[in-house]
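Q: Generate coordinates for the sequence data below:
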Amino acid sequence: MIKHPTSSGDAHKVLAKHGKTFALASKFMGKETSYKAARLYAFCRYLDDLVDERATIQSARNALRETRKHLLSGTGCDPVVADFLSLARDTSMDPALAAILIDGLESDLTTVAIDTQEELVQYAYRVAGVVGLMMCAVMNVKDSRALPFAIDLGIAMQLTNIARDIREDAAMGRRYIPGSWIDRLRARDLVAPSACTQAAVSSGLKKLLNLADDYYMSAALGLHYIPLRSQFAVRVARSVYREIGQLIRERDYNVNESRIIVGNARKVRVSLRALFSEPRESTSDIAEKNCISKLHTPLLGLPGVRVSYEGKPGCLA
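A: Residues are numbered from 1 along each chain as shown. The predicted structure is shown next:
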């Protein structure tokens, strides 16, 4: 269980142990921002532990709901929740975003059998897209036009996680790849795909990673709305995480061998490419048009999602 980060060192230790890619990226943020990011990560990890480390489903559900209540009321004696509420006040972050995250985590407590792409994107928004919105507050992003792109990066990373962790999730009765993509295979069919089912699984993983790439590319269009130092951090995190998908492709979509990890040497190459070689999009017109694309159709009306009203683009924060 993650303990209350009582110091900068504590928060960074949690980040270094459980989120190596984000720890690398945070080095570009500056001391104050990286500490805030580490505190946010520790809080999100704490919520994950509420789900994974409880003895029963009901006790996990009770813990999540109790945390949700304290977040929305702004009270509670749990030191981790108190630290997050302090962070939220300091950064003008809406604690209701964390409540959405909890709703997503609670949906993992029962058998997961996502059926459509729309359901998948909505789930990814709840457990990762809202974290992108919270990171905007942490990074002191002032332009609300950044919000939809932050959502897109969170969604892209979550889709990557699903591709990487397909076997582990399936062993817990969770199938996030839409059933409509993989001939309605059940979670248990994904733990160790047979020769008969591997083709469907590979096809589903290919669609999943292609969808993730759509969100990664959209996220890149909004980078210029972020303060410069944080831009560097986001570029590194985005590129290194996206590389997981490339490794899965190189394995011909076979994730049965061992956990996919981007090695240190490859991380360095990818990070340098992200910082110095990748094109920097700065045309806001392109960003505005992309923001109202089909990527956000399943999310209309949710916090931070771009909508169109009275014939003009707008952003609901």
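Q: Which stretches in the stretch 151-300 of the chain count as strands?
A: Secondary structure of the stretch 151-300 of the chain (DSSP state E, counting those that start in this stretch): strands at 174-175.
Q: And the strands in the stretch 1-150 of the chain, which stretches?
A: 112-113.
Q: those helices in it, which residues are they?
A: Secondary structure of the stretch 1-150 of the chain (DSSP state H, counting those that start in this stretch): helices at 8-18, 20-26, 31-52, 57-73, 79-91, 96-106, 117-124, 130-138, 147-164.
Q: Next up, the contacts around residue 266.
A: If a contact means C-beta atoms under 8 Å, 6 or more residues apart in numbering, then residue 266 has residue 243 as its contacts. For the C-beta atoms, the positions are set from N, CA and C on the backbone; glycine is no exception.
Q: just checking, residue 226 touches residue 234?
A: Yes: the pair residue 226 / residue 234 is scored as a contact, 6.2 Å apart, by C-beta atoms under 8 Å.
Q: For stretch 245-261, buried residues please.
A: 245, 248, 253, 255, 260 (16 or more other C-beta atoms under 10 Å).
Q: er, stretch 64-74 I mean
A: 64, 67, 68, 70, 71.
Q: And for stretch 164-181?
A: Buried-residue list, stretch 164-181, by 16+ other C-beta under 10 Å: 164, 165, 166, 169, 170, 174, 175, 176, 177, 178, 179, 181.
Q: is it true that the fifth one touches residue 185?
A: No: taking C-beta under 8 Å as the contact criterion, residue 170 and residue 185 are not neighbours in contact, 9.3 Å apart.
Q: re the thing from before, ok, the buried residues of stretch 64-74 vs residue 306, which is closest?
A: residue 71 (25.5 Å; C-beta to C-beta).
Q: Could I get the contacting residues of the closest one?
A: 81, 84, 85, 95, 96, 98, 99, 102.
Q: State the pLDDT value of the last one.
A: Confidence per residue is given as pLDDT, and for residue 102 that number is 97.
Q: so where's this structure uncertain?
A: Where the chain drops to pLDDT under 70, the residues are 1-26, 28, 257, 277-292, 307-317.
Q: Pull the distance from the lengthiest helix in it to the chain's centre.
A: As assigned by DSSP state H, the longest helix anywhere in the chain is helix 195-221. Helix 195-221 has its C-alpha centroid displaced from the chain centroid by 16 Å (C-alpha atoms, centre = their mean, to the nearest Å).
Q: could you say what helices and strands that helix packs with?
A: If you count contacts as 3 or more C-beta pairs under 8 Å, 6 or more residues apart in numbering; DSSP states H and E, helix 195-221 packs onto helix 147-164, helix 187-191, helix 228-250, helix 284-291.
Q: any chance of the ones you listed in a markdown table, with distance to residue 44 too?
A: Below are the helices and strands packed on helix 195-221 laid out as a markdown table (distance: least, C-beta to C-beta, whole Å):
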| stretch | distance to residue 44 |
| --- | --- |
| helix 147-164 | 11 |
| helix 187-191 | 24 |
| helix 228-250 | 14 |
| helix 284-291 | 25 |
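Q: Tell me which of the ones you listed is the most buried.
A: Greatest average neighbour count among the helices and strands packed on helix 195-221 goes to helix 147-164 (a mean of 26), per mean count of other C-beta atoms under 10 Å.
Q: coming back round to it: now the longest helix of the chain: buried residues?
A: So for helix 195-221, counting by 16+ other C-beta under 10 Å, buried means 200-202, 204-209, 211-216, 218-221.
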